[in-house]
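**Student:** Mind looking at a prediction? Sequence and model below.
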Amino acid sequence: TLLYTIKFEDMMQHIVRSTARYGVRCMSNPAVQIPTIDNEPLSNFMPGSKLLDEVMSEIETMRKEPAEVPIVIGGKEIKSDNVTYQKIPHDHSVNLAKFYFADESLINDAIDSCMESRAKWEMTPWEHRAAVFLKAADLLAGKYRAKVLASTILGQSKTFQQADIDGVCEMVDFYKFAVKYGEELYRMQPSHHSPGVWNRVEWRGLEGFIAAIAPFNFTAIGGQLWGTPVLMGNVVVYKPCTTALLSGYHLFQILQEAGLPDGVCNFVPCRGPAFGKAVVPHRSLAGISFTGSSPTFNNLWREVGMNIDNYKTYPRLVGETGGKNYHMVHPTADVQTVVNGTILSAFEYSGQKCSACSRMYVPASLWDQIREGLVSCTAALQIGPAEELKTFTSAVIDHKSFLNIKSYLDHAKQDPTCEILVGGECDDSVGYFVDPTIVLTTDPHCKLMEEEIFGPVLTVYVYQDQDWEQTLDLVDNTSPYGLTGSIYCRDRAILQDAHTALRHSAGNIYFNDKSTGSVVGQQPFGGSRASGTNDKAVSLNLISKWTSPQAIKESLVPLTKHTYPYMEQ
């Protein structure tokens, strides 16, 4: 009753021929296996260690003379007339890097370069694309570890620990796990085939270019925003953050050394308006890979919508934006865990992590103990230059950020519902230093509880123990964001109910742990609501976002009839 006459030998020979043609790009061939992937271990910075000496040497060199960072388009280094400098935030009299802004014309040149490179890169076999990123991971973990650590420590005022977590370990993990998830995606092939039919899926790159826009606060995020689309066969115009320029350029150079072809990613420092004017209306815009503020992402989304009829394909919009992350404490919580976790979450990297805790809800029965612990620990924190080993946290990123944070502290000093328990002082004479600050408020809807500050400011609201359920509702509805949150509670049933109540309040939620510190491959990071599209950085979900799958059905034997058997009765 089949419409096909099947000869098994003919079918198998056809499969072999088709595998030779399609199998490498689609990962249909199970013989292609990547090396074992695991998280990069943290470094040892104990005095006298080899790595510490290497990093200190790099820091000394970088401080002596600013590095020169060009625009890079199609492999060619370009220096425009628009010159500016990246400064060291904790010592802003020192220029760390001299760089050049691209104008709209150069950005269009970068787009043209991408489009010229697109077809060849997309058709590059998977294992060769993957090898570039695996090699880059090894170069970063070894040969260039000290250099990237130094540029992250100086350029973004990150301590040794924070620079290592970010600029090296997370970036190495991003590269390696992206390859792992890419392999898994390519292996996702149809498992059902009608007789005489072979079905498969080709995971194509997007038909156009990706615009990648990086933030200052994570070297690794900048590298991931353009690296992941490139791995999956796309081309990218990359706008690095000018306050994290040098570390971003070092990662770009590492990928070049690892074998990334010229023009696949073009490194284009520029001002936001010029980038938007060139990129957003372009007919070949296929996606935006973004981390930054919610207002900026909203504007990009709005502009894309206004240009929707102009595009060749609907652009993919991937964004991680703002957050107003919480620690919610139940009366059964372990006080020491709460105190230590909150100090780390709120004040490491001066509260400039996307996931940093900035609002806290504490039951009245535990407040005296928690208050004593928070205030004493915060007052003892070492604040200073990032390259000093005893420094717990250093300066905020720039003068604009400094003034913004200061405005909230000034508001707290004038608001009768607020009391500054510790900190509250700022000094920008040498670096952009803001003391880690804890504010107690009697108004759960005060400005400091609702708005993103992005600095070392924690605001605490004390609730009555019997108001636990109402306070859960307060936590859920106080902020428009939905990035991270923590619930501290040792009663399993209550913890389960709290999780249900706060189900949509955070894309990453933690039980009896701080709201920061997600690890690639373990807690994929991202939030929803006003915090972004929740595509989860370097996950199978994000990897698939940068592909355009094509379903292929191939008939392996001739079609001998156009009628159905019942018609012949």
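**Tutor:** Right, received. Where do you want to start? Residues are numbered from 1 along each chain as shown.

**Student:** quick one: contacts for His193?
**Tutor:** With contact set as Cβ atoms under 8 Å, 6 or more residues apart in numbering, His193 has these partners: Asn199. For glycine as for every other residue, the C-beta is placed from the backbone atoms N, C-alpha and C.

**Student:** And the pLDDT for it?
**Tutor:** pLDDT for His193: 96.

**Student:** so how far is Leu409 from Pro456?
**Tutor:** From Pro456 across to Leu409, the span is 10 Å (Cβ to Cβ, to the nearest Å).

**Student:** Common neighbours of those two, please.
**Tutor:** With contacts taken as Cβ under 8 Å, 6+ apart, Pro456 and Leu409 have Val434, Thr437 as neighbours in common.

**Student:** And these two? Which one has more around it.
**Tutor:** Shown here are Pro456 and Leu409; by other Cβ atoms under 10 Å, Pro456 has more neighbours (27 against 23).

**Student:** how far away is that one from Arg200?
**Tutor:** According to Cβ to Cβ, Pro456 stands 53 Å off from Arg200.

**Student:** next one: Arg187
**Tutor:** Distance, Arg187 to Arg200, using Cβ to Cβ: 11 Å.

**Student:** Give the residue from those two that has the larger number of neighbours.
**Tutor:** Of the pair Arg187 and Arg200, Arg200 is the one with more neighbours under other Cβ under 10 Å, namely 18 against 13.

**Student:** Specify the beta-bridge partners of that one.
**Tutor:** Taking DSSP bridges as the rule, Arg200 bridges to Ile552.

**Student:** so who does Asp410 touch?
**Tutor:** With contact set as Cβ under 8 Å, 6+ apart, Asp410 has no partners.

**Student:** what's the helix or strand for it?
**Tutor:** Counting by DSSP states H and E, the element that carries Asp410 is helix 399-414.

**Student:** What residues of that helix count as buried?
**Tutor:** By neighbour count on 16 or more other Cβ atoms under 10 Å, the buried set for helix 399-414 is Ser401, Phe402, Ile405, Lys406, Tyr408, Leu409, Ala412.

**Student:** Closest one of the residues you listed to Asn39?
**Tutor:** Asn39 has its nearest neighbour among the buried residues of helix 399-414 in Ser401, at 30.5 Å by Cβ to Cβ.

**Student:** Can you give me the distance of the closest one to Leu206?
**Tutor:** Taking Cβ to Cβ as the criterion, Ser401 is separated from Leu206 by 34 Å.

**Student:** How about Ala537?
**Tutor:** 18 Å.

**Student:** And Asn541, by the same measure?
**Tutor:** Taking Cβ to Cβ as the criterion, Asn541 is separated from Leu206 by 16 Å.

**Student:** the more surrounded of these two?
**Tutor:** Under the criterion of other Cβ under 10 Å, the comparison of Asn541 against Leu206 puts Leu206 first, with 25 against 15.

**Student:** Just confirm that one is within a helix.
**Tutor:** No: if the criterion is DSSP: H, G, I helix; E, B strand; the rest coil, then Leu206 is coil and not within a helix.

**Student:** Next up, the contacts around it.
**Tutor:** Neighbours of Leu206 in contact, by Cβ under 8 Å, 6+ apart: Pro229, Asn234, Ala286, Gly287, Thr313, Arg316, Trp546, Thr547, Ser548.

**Student:** of those residues, buried ones?
**Tutor:** Pro229, Asn234, Ala286, Gly287, Arg316, Trp546, Thr547, Ser548.

**Student:** buried sites along the strand ranked longest in the chain?
**Tutor:** When every strand of the chain is counted residue by residue (DSSP state E), the longest turns out to be strand 91-100. Taking 16+ other Cβ under 10 Å as the basis for neighbour counts, the residues of strand 91-100 that come out buried are Asp91, His92, Val94, Leu96, Ala97, Lys98, Phe99, Tyr100.

**Student:** export the contacts of Leu206 to a markdown table and tack on pLDDT, secondary structure and distance to Gly431?
**Tutor:** What follows is the contacts of Leu206, written out as a markdown table (pLDDT from 0 to 100; DSSP: H, G, I helix; E, B strand; the rest coil; distance: Cβ to Cβ, whole Å):
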| residue | pLDDT | secondary structure | distance to Gly431 |
| --- | --- | --- | --- |
| Pro229 | 98 | helix | 35 |
| Asn234 | 98 | coil | 39 |
| Ala286 | 98 | strand | 41 |
| Gly287 | 98 | strand | 37 |
| Thr313 | 98 | coil | 46 |
| Arg316 | 98 | strand | 39 |
| Trp546 | 98 | coil | 38 |
| Thr547 | 98 | coil | 44 |
| Ser548 | 98 | strand | 46 |
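
**Student:** now stretch 397-412: mean pLDDT?
**Tutor:** Stretch 397-412 comes out at a mean pLDDT of 98.

**Student:** go on, stretch 550-562?
**Tutor:** Averaging pLDDT along stretch 550-562 yields 95.

**Student:** so how far is it from its chain's centroid?
**Tutor:** Distance of stretch 550-562 from the chain centroid (Cα atoms, centre = their mean, to the nearest Å) equals 43 Å.

**Student:** cool, stretch 356-367 as well?
**Tutor:** Averaged over its C-alpha atoms, stretch 356-367 has a centre that lies 28 Å from its chain's centre (Cα atoms, centre = their mean).

**Student:** List the buried residues of the one helix or strand Ile153 maps to.
**Tutor:** Of the helices and strands defined by DSSP H and E, Ile153 is found in helix 145-156. Buried residues in helix 145-156, counting neighbours by 16+ other Cβ under 10 Å, are found at Arg145, Ala146, Lys147, Val148, Leu149, Ala150, Ser151, Thr152, Ile153, Leu154, Gly155, Gln156.

**Student:** and it, what does it pack onto?
**Tutor:** With contacts defined as 3 or more Cβ pairs under 8 Å, 6 or more residues apart in numbering; DSSP states H and E, the packing partners of helix 145-156 are helix 50-64, strand 83-88, strand 91-100, helix 160-163, helix 219-231, helix 245-258.
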